[in-house]
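>>> Got a sequence here, can you build the structure:
(2 chains)
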Amino acid sequence: ETGVTQTPRHLVMGMTNKKSLKCEQHLGHNAMYWYKQSAKKPLELMFVYNFKEQTENNSVPSRFSPECPNSSHLFLHLHTLQPEDSALYLCASSQGQGGYEQYFGPGTRLTVT
Amino acid sequence: TQLLEQSPQFLSIQEGENLTVYCNSSSVFSSLQWYRQEPGEGPVLLVTVVTGGEVKKLKRLTFQFGDARKDSSLHITAAQPGDTGLYLCAGEETSGSRLTFGEGTQLTVNP
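Reported below is the predicted structural model:
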């Protein structure tokens, strides 16, 4: 397995469910990111981790809870989401934090019903 | 947060035509990246430009960074259906803490 992988690729969940998104990078990178991509909006940075430590939380609601157990894995735990949270959630990694080139996973298409 | 505006938002052309998409800001970026995103996939980096006035070529794609490092353009020569996708520009804030993405230009090249 190479690059950045994300699972699941598609997820449909009710507003009362709890689910988790998983991201794994096989590039030896130290920084990992969660982005939200909605139609007709720029990519929204949600969280940044560098060497497993969270360095940015872009005012994300607490119903999104990230976890980074090591530099290769990143999770996004979801609970009591709203329909407007439906979007493509992209994970990315880079060699370091800052303007390094980012490598993206294929994303998880989330639908909240 | 520095804002990046991309234009046009949508572009539909015939195979063989040339096109240019733009990425503009009122702020200065220390570097700028261009990505292409195909349906069902994440963005893939095409190029990074770092010097004002820099021009980089990638086959039929030509990228230019403005002299003042506030804007960039992507020119595609003789577009092909395989060029179809969402083109995103992303600027590195001078603080080096994050990338700021534009909304993207959705390009469709019809056979």
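>>> B:Leu99 contacts B:Ser31, doesn't it?
No: with contact defined as CB atoms under 8 Å, B:Leu99 does not count as touching B:Ser31 (9.3 Å). (C-beta placed from N, C-alpha, C; glycine too.)
>>> Need the residues touching each of these two.
Common contacts of B:Leu99 and B:Ser31 (CB atoms under 8 Å, 6 or more residues apart in numbering or on different chains): A:99, B:91-92.
>>> Select from the residues you listed the one having the most neighbours.
Across the shared contacts of B:Leu99 and B:Ser31, neighbour numbers were computed from other CB atoms under 10 Å in any protein chain shown; B:Gly91 holds the maximum, 27 neighbours.
>>> If you count contacts, what does the lowest-mean-pLDDT helix or strand in chain B end up packed against?
Every helix and strand in chain B was compared by mean pLDDT, DSSP states H and E; the lowest is strand B:99-101, with a mean of 87. The helices and strands touching strand B:99-101, judged by 3 or more CB pairs under 8 Å, 6 or more residues apart in numbering or on different chains; DSSP states H and E, are strand B:85-93.
>>> Is A:Val60 in a helix, a strand, or coil?
At A:Val60, secondary structure determined by DSSP: H, G, I helix; E, B strand; the rest coil is coil.
>>> thinking again about what came up before, who has more neighbours out of B:Leu99 and B:Ser31?
For B:Leu99 versus B:Ser31, neighbours defined as other CB under 10 Å are more numerous around B:Leu99 (27 against 22).
>>> In contact with the more buried one, which residues are there?
By CB under 8 Å, 6+ apart, the contact set of B:Leu99 is A:45, A:99, A:102, B:33, B:90-93.
>>> go on, B:Leu74?
Under the criterion of CB under 8 Å, 6+ apart, the contact list for B:Leu74 reads B:20-21, B:23, B:34, B:61-63, B:87, B:89.
>>> most surrounded residue in the residues you listed?
B:Cys89 (31 neighbours).
>>> How about the contacts made by that one?
B:4, B:6, B:23, B:32-35, B:72, B:74, B:101-102.
>>> Which of those residues sits closest to chain A?
Nearest to chain A among the contacts of B:Cys89: B:Phe101, at 4.0 Å, using CB to the nearest CB.
>>> For the chain, give me the ranges with low pLDDT.
Assuming you mean chain A. By pLDDT under 70, the weakly predicted segments of chain A are A:1.
>>> that answer is for a different chain, and I need it for chain B
In chain B, residues with pLDDT under 70: B:1-2, B:94-97.
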